[in-house]
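Enquirer: using only what follows, build the 3D model:
(one chain, ligands or ions: 1)
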Amino acid sequence: MTNPITQNLDLLKRAQQLDSEIYHTRLLLEEIPVERAKLSLELENEKARSNDLDKILKDIQLKLKTKELELSQKEGQVKKLDGQLSQVKTNKEYNALQQEIASLKADNSLLEEEIIRVLDEVEAAKDEARKEKEKFTLVAKSFQGKDDEQVSQEKNLQGRLIDLKKQRDEAVMQLPPELGELYNRIASKKQGLALALVTGDVCTACQMQLRPQLINEVRLGENIVVCENCSRILYFDS
Ligand SMILES: [Zn+2]
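Expert: Numbers count the residues shown, from 1 in each chain. Below you'll find the predicted structure:
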């Protein structure tokens with residue numbers, strides 16, 4: 001009586017090795033879109049931050065323009081009133097006009113102080129916008145490189161996967177059909193690990209202690225024996 005497992009052990013081990021590589025290659029492939037999405041998000045966030053800071057700068061610059069316009073209008077008013085001073089007839093009118101001018105000038109000096117403050121704000125906002133733009137440029141540059149790397153990595157892995165599957169199918173096809181089918185069925189459920197080595201009285205795949213009778217059957221090798229716990233094909237290394 002020939003043992004179907006020991007007779008085909010090299011092929012089974014080879015298929016299992018290939019299945020395990022296929023499994024890990026698939027995991028690596030699944031990570032690529034996740035990684036690319038992360039890179040895109042980082043780039044978008046940086047772009048959004050840069051746009052926000054540009055908008056803040058524009059708002060402050062607009063505020064500055066409004067204040068400067070207001071000041072120049074009020075300075076015009078002061079000039080106009082100054083000109084009227086020589087034309088008034090009475091002391092009362094003269095005093096009233098001077099008061100109005102003094103009040104406008106007081107407003108203007110406050111406005112000038114405000115303009116100086118806003119100028120400082122503009123400088124600070126410009127500085128922040130510039131720094132963020134530099135950061136965005138750096139991220140954008142490294143994004144392209146990193147994304148290209150992911151794309152080429154994906155291509156490599158896809159090529160490798162095709163190659164592994166071909167080798168794997170070739171190995172399984174050399175098995176007796178019944179054993180090949182069983183192997184396929186278990187491997188697809190067990191992430192590519194259909195075989196389990198028995199060491200002592202333990203299935204090394206699931207660490208379950210096996211019944212002595214089951215171990216005897218594995219030793220006898222007349223039939224294919226599977227672990228009662230994890231359903232993998234049991235074998236002894238000779
Ligand atoms: Zn097991």
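
Enquirer: any idea which element residue 145 lies in?
Expert: Element membership of residue 145 [criterion: DSSP states H and E] is helix 91-173.

Enquirer: so what does that helix touch, helix or strand wise?
Expert: helix 4-85, helix 177-189 (3 or more Cβ pairs under 8 Å, 6 or more residues apart in numbering; DSSP states H and E). Heads up, the C-betas are built off the backbone N, CA and C, glycines and all.

Enquirer: what about the spatially closest residue to residue 204 that is not a sequence neighbour, how many neighbours?
Expert: Ranked by Cβ to Cβ, 6 or more residues apart in numbering and with sequence neighbours excluded, the top spatial neighbour of residue 204 is residue 197, at 4.7 Å. Residue 197: 14 surrounding residues under other Cβ atoms under 10 Å.

Enquirer: in this structure residue 197 contacts residue 237, no?
Expert: Yes: under the criterion of Cβ atoms under 8 Å, residue 197 makes contact with residue 237 at 6.0 Å.

Enquirer: quick one, phi psi at the residue nearest to residue 204?
Expert: phi -70, psi 140 (degrees, to the nearest 10).

Enquirer: okay, and the beta partners of it?
Expert: On the basis of DSSP bridges, residue 197 is bridged to residue 235.

Enquirer: list the contacts of it.
Expert: Counting by Cβ atoms under 8 Å, 6 or more residues apart in numbering, residue 197 touches 204-205, 235-237.

Enquirer: how far away is it from residue 13?
Expert: Relative to residue 13, residue 197 is positioned 10 Å away (Cβ to Cβ, to the nearest Å).

Enquirer: now residue 176: closest residue in space that isn't a chain neighbour?
Expert: Nearest one to residue 176, counting by Cβ to Cβ, 6+ apart, is residue 4 at 6.6 Å.

Enquirer: give me the neighbour count for that neighbour.
Expert: Close neighbours of residue 4, defined as other Cβ under 10 Å, add up to 19.
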